[in-house]
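**Q** Starting from these lines, generate the structure:
(2 chains)
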Amino acid sequence: MARIRVPALVAKGEPANVEATVDGKTARVELLKGPQDDLLILLVLDFSGDISYIEFARTGLAEAFGALPPHAWVTVLRAQDGLRVLEDPTGAAEQLTASVNNYTGGGKAGLLDTVEEAAQLGDRLLAKSTARVAVLYCTDSSIYKYRDDYTNPVINSSDSRDLSRRFPDQLVREKTQKLVGALLERQTPIWIVHIHYRVDSINEAYQRGLQEMAEATGGEAAICRGLTEIPAAIGHAFRRIREHWSVFVQLPPGKSRNIAVALNAPDCEISFRPRFSVKR
Amino acid sequence: MQKSFPLAGWILLLPCGLLAQGELQKAAEEFKAATRELGLRADSPARAAGKRQYPWQTWHGRLFYNLRNDVLDAVPHEIAQRGGGKNRLRRGQFGFSIAGPVIGKSTFASLSYEGVRERIGRNSLRTVAILPERRGDFSRTVDSAGEPLQVFDPASTRPNPDFDPARPVSTGNLEYIRQPFPGSVIPTPRLDPVAMRGVSLYALPNADAGPFFRNNYFVVSPETNKADGMIFKLDHTLDDKSRLSFSASTTNGLAAASRLMPTIADPGANDRLYSARRGSVEHILTLSPRTINTLTLDASTDRSDSQRPGEVFPLYSFSASYLGMGRPYPVQLSAHNTYSVSDGYSTRLGKHSLRVSASFTHYQVHAFLPPYPRGRFTFGPGYTSLPGINNTGHAFASFLLGAAEYAEASVFPSPSYWRRHLASLSVRDQYEVTKRLNLTLGASMDLSTPRTEKYNRISTVRLDALNPASGQPGALVAGGAAQPVRIRPSASFGFAWNPTGNPKNVLRGSAGLSYQAVPVYTSQWGTQGFNGTPTAISRNTQLAPAILLRDGMPALDRPLPDLRPDFANNTVADLVEPTATQPFYQSGSLTYERELPGQLILAGTLAHSRGQRLFVSNSAANLNAIPLGNLRFRDELNNELVRRQLRPYPQFQRFDVYSAWPLGNYKRDSGSVRVEKRAASGLGLTATYELSRQRDDYSGPYGVQDFYNRQAEWSLTAYNIPHRVSLSYAYELPIGSKKSLLAYNDWRRYLVDGWSISGMTTLLSGEPIALRPQFNNTGGLVEALRVNVVPGIEAQVAKPSPERWFNPAAFDNPENFTLGDGPRTHPTLRNPPSQNHDLSVTKRIAIDTERALELQATGFNFVNTANWTDPDPVIGPASTPNVNAGRIIGSRGGRVIQVGLRLSF
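**A** Residues are numbered from 1 along each chain as shown, chains lettered A, B, ... in the order given. All right, here's what the predicted structure looks like:
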């Protein structure tokens, strides 16, 4: 019998008696893992820009590592030129901080190229363990910093009547929508903390895309508009990841590939990831 | 005790602590195994790390085609009002891009190509001479009030023995007596043969948009555009600490301009061949986690070859609103080369993030741009007028007589090769004062060298050099740089402060001081002596022509180069500002930003900026202007000899300062509110409203009235738009198999999946109206005469409409030889507001996880809104009012649709 793990966040109450439906039909909740349960955070660093922003992120991450409970471990990866492991899972704050401090950005952004692989990795861990698993991207990426070109730059400067770039965010949106579709096939929630907000229209579309990706997986995204926000945003993301619940739901028989999930717990305000694409 | 809930099938018997360690350990072990297997670790087996992947697995890209066709478009309003149909439009824009790793994961390449093929019908509504006028018959010609216009015979001119010089010239006190042509018809033998050849090449009227034979030529002619370009990029990771990126681009284009006339007298733009090449190399070296060095080398070249094969026609321009003949710069060849190297070093020291950067740029501009190789001839009504009397004579009649009031030719034997360097050193410090307060401090020093010419073919008028011909200051000086090297500092300051400690509320401020470097202009300005501009000036435009067309342009009397100090005498002389004074800008802003529930961000900004000594053009700077107190000489000012005595530098007609005289000033104050809705459920939008006021002493379509009183020119900036609203949005529709609505999983998902819309809306209030009088009888002293304000009459109308946008009776044409007392731009009258709405609808069809097809339809002005054209700003005297003043004759705009198809793989 196939099962999925539905990430959920509880604003009020305790979801002890949570009930689930899949495509409107009652589904069996097999297990529930909450804030006091094991947690492995796959922290992916994706820094390619201004060191002053990166330094604030390092500060925020060091503070967040220091606040980790014993049942939460973190592993550190980098996103440039594909995912690479910088630090194996550990709860040792000093070790993690050292790893982050030694990380050197790469001049190129990597989130869009690696987020699917990171979620895939998370799913492998979810499949082998009942521990909660979440991916957290900490990035300062600009859409202009990718090796792939999503910015649709002007190629023919003599073409004065080019209207195809009136909506310059089309390629970014296409990419992020494609990733949203791919991430719906994964069960690992993704959190993103973008430490450098940019106001140009293509970067705005990119930042919106990051938000959509995170929301689609049951995670959250924060876009920091200033340096002083960065440590708080990172701390907030860690706290939310720690607080997230993982609801093990057994899928009823059916052919549906794209399923709608609903969770309901008496006396409890619960938000959850509502859609999954599953392979039957 | 941890809270785990034992549910069916998952009975947890072990103490939670042990279980936790067990499950975490299990996950950690699996992590190690998986990352090793996937080649994500340093200790991954080589087989996994270097796992071979075929190009079709790792390379991806897209193919696209965008189509525009007039079948999809609305008839533009300006054409529909003429009763016309759609113009032909065929446009195809196509291309591809492909990207992927070349060697392992360390080298990545991308290639993009785009081509354009376009054929478009371009329409234009102009005024040309009516058929009788082409034969010399002005009996049907009327003035702007619709009254018959008299054309006088210059051959009949004789002094009026009864003229009283103590009284102003008027119909009752004429200085010269001149007879009208009998029946207002110029006898055929009097018509200039060169002018008549021009007439035979001149467009015939074919429309009647009116009034009074105005807007009588409507032409639609094809314009062809073609372009092909490519961008290639290569990115290579040398090791963990360094990365090398290379990019190169190339484009070639042809813009074949539409013709306004199907003859060599066509005044339309040249065809243009365009090419550009660019290359850059960037090396990023991470010296430590807190120290990064970035070295960049750039080189670019842009070439433009603009000309039409065949004979070059002289430029004939008429002071009436008639379409001219010929075009300036019939041959234009230019190339811009830029080479630059820059290095940026960023490091962290304590609470300071420092960035030190240095750059050096070498500019080259090669230009061959003779403005009037076959001559420029301007025709005014003066020669066929009753001397001294407004609303008499006609520019086209003067043309038929071959009587140009000004003529100039360009003798440019060689191109110019301009050079300039710019070096810059800057430092920026971001200082974390406290966790709630950050400061950013920046300073830079820019060194700019003057514009020089490779072969030293450079000259300027020096105002302190003695002119041997006149014995007065102001003489041409050739060779050497005309300006000194300048070193200028600039500074910036910024802060971000969380006053309450809540990161969702931020107060930001910034301030800056900077100088603008003197650009390298794309022209051959500043080469007199090496190039020549023989000029003919009328001694009195009402009495004698500068030149008769049949006599041709006088040739230069001495061969070039002619570097004598008096070479530029009696011409419009090139004057380079000698001190290299640079425009100075100051700005400051304060923004309060607050994040509200519901992913809403609200920001309010107050900003102030000002600029001093901005570069202005000849319409705003004239160092040889006759002081306006000399208007007291009244009709005597029509005499060039009199005017010459009054000019500060009598040996020159005026100075050409190009667009480079540092004299302008502006101030801008604005307040804006921005609301941003972050993506939630697929919707993101940004709305901005700005209220602004900008004033200056130089902008506008006509120039300034008094060159010696900048304060009197201080008024609203001609392009100031006080209210500006913009809205942009993107919405992934919540329908489809992976969405909350219409979540079909059967065949219907192909219909409902992947829909999104995005749009942009702009609402703009109108720019200030710049009024001008119909007649400017100031003997040439005032180039941009203003209107008079009539006291006690309200300029605003209660309900502005196209028939009456403002009240023209509130203004008047100034009396002869007096200044207008109205402002350069009106403080309250505004041109009509405008709006534009663009919408794009996209349907994405996923073929598989990697491939997708995107169909896109974009509507520009998709609601087909018509925006009113500007009202006629020309104010006539009460005796012969401009009946069109304050009226709007039509609207413009129309929906344009583009459809596109993109396959991404």
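
**Q** from memory B:R710 sits against B:Y666, does it?
**A** No - with contact defined as Cβ atoms under 8 Å, B:R710 and B:Y666 do not form a contacting pair (11.6 Å). Every C-beta, even on glycine, is put in place using the N, C-alpha and C of the backbone.

**Q** Name the residues contacting each of these two.
**A** Contact with both B:R710 and B:Y666 is made by residues B:D697, according to Cβ atoms under 8 Å, 6 or more residues apart in numbering or on different chains.

**Q** Mind picking out the helix or strand in chain B with the poorest mean pLDDT?
**A** Scoring the helices and strands of chain B by mean pLDDT, DSSP states H and E places strand B:4-5 at the bottom, with a mean of 43.

**Q** which residues touch the helix or strand following it?
**A** For strand B:4-5, the succeeding helix or strand toward the C-terminus, using DSSP states H and E, is helix B:16-37. Residues outside helix B:16-37 that contact it (Cβ under 8 Å, 6+ apart): A:36-40, A:42, A:70-71, A:73, A:75, A:83, A:85, A:88-89, A:121, A:124-125, A:128-131, A:133, B:1-2, B:4, B:12, B:14, B:41, B:43-45, B:48.

**Q** With stretch B:67-83 instead?
**A** Contacts of stretch B:67-83 with the rest of the structure, by Cβ under 8 Å, 6+ apart, involve A:163, B:84-93, B:121, B:123, B:125, B:207, B:209, B:218, B:864, B:866, B:869, B:890-900.

**Q** one more time with 7 Å, if that's ok
**A** Contacts of stretch B:67-83 with the rest of the structure, by Cβ atoms under 7 Å, 6 or more residues apart in numbering or on different chains, involve B:85-92, B:123, B:125, B:207, B:209, B:218, B:864, B:866, B:890-899.

**Q** In strands, which of those residues fall?
**A** Cross-referencing the contacts of stretch B:67-83 with the strands (criterion: DSSP state E) gives B:89-92, B:123, B:125, B:218, B:891-892, B:896-899 as the overlap.

**Q** residue in the stretch 101-250 of chain A nearest to chain B?
**A** As assessed by Cβ to the nearest Cβ, chain B sits closest to A:S158 within the stretch 101-250 of chain A, at 3.1 Å.

**Q** ditto for the stretch 1-150 of chain A
**A** The shortest separation between the stretch 1-150 of chain A and chain B is 3.2 Å, found at A:S52 (distances taken as Cβ to the nearest Cβ).

**Q** Could you give the number of residues near that residue?
**A** Taking other Cβ atoms under 10 Å in any protein chain shown as the neighbour definition, A:S52 ends up with a count of 24.

**Q** Could you pull up the contacting residues of it?
**A** Taking Cβ under 7 Å, 6+ apart, we find A:S52 in contact with A:227, B:353, B:430.

**Q** hey, what's the closest residue to A:S158 other than its chain neighbours bridged with?
**A** Of all residues not flanking A:S158 in the chain, B:G253 sits nearest, at 3.1 Å (Cβ to Cβ, 6 or more residues apart in numbering or on different chains). Beta-bridge partners recorded for B:G253 (DSSP bridges): B:A227, B:Y274.

**Q** is it true that B:G253 touches B:Y274?
**A** Yes - between B:G253 and B:Y274 there is a contact under Cβ atoms under 7 Å: 4.3 Å.

**Q** Report pLDDT for the residue nearest to A:S158.
**A** The predicted local confidence for B:G253 comes out at a pLDDT of 96.

**Q** and it, what does it touch?
**A** With contacts taken as Cβ under 7 Å, 6+ apart, B:G253 has the following neighbours: A:156, A:158-159, B:226-227, B:274.

**Q** What of B:A423?
**A** For B:A423, the set of contacting residues under the criterion of Cβ under 7 Å, 6+ apart consists of B:360, B:447.

**Q** Quick check: phi and psi at it.
**A** The main-chain torsion angles of B:A423 are listed as degrees, to the nearest 10 and equal phi -120, psi 140.

**Q** still on that earlier bit, just the contacts of stretch B:67-83 that are near chain A?
**A** The overlap between these and the neighbours of chain A (Cβ under 7 Å from any Cβ of the partner chain) comes to B:Q898.

**Q** where's A:S129 relative to A:L31, distance?
**A** Taking Cβ to Cβ, to the nearest Å as the measure, A:S129 falls 12 Å from A:L31.

**Q** no, scratch that, I was asking about B:T825
**A** As defined by Cβ to Cβ, B:T825 lies at a distance of 74 Å from A:L31.

**Q** likewise A:I223?
**A** When Cβ to Cβ is the yardstick, A:I223 and A:L31 sit 34 Å from each other.

**Q** and the gap between B:Y372 and B:G532?
**A** Following Cβ to Cβ, the distance that separates B:Y372 from B:G532 is 12 Å.

**Q** again but with A:G13, I slipped
**A** Applying Cβ to Cβ, the value for A:G13 to B:G532 is 91 Å.

**Q** the more surrounded of these two?
**A** With other Cβ under 10 Å as the criterion, A:G13 and B:G532 differ in neighbour count, and B:G532 comes out ahead with 24 against 12.

**Q** Residues in a beta bridge with that one, which ones?
**A** Beta-bridge partners recorded for B:G532 (DSSP bridges): B:V411.
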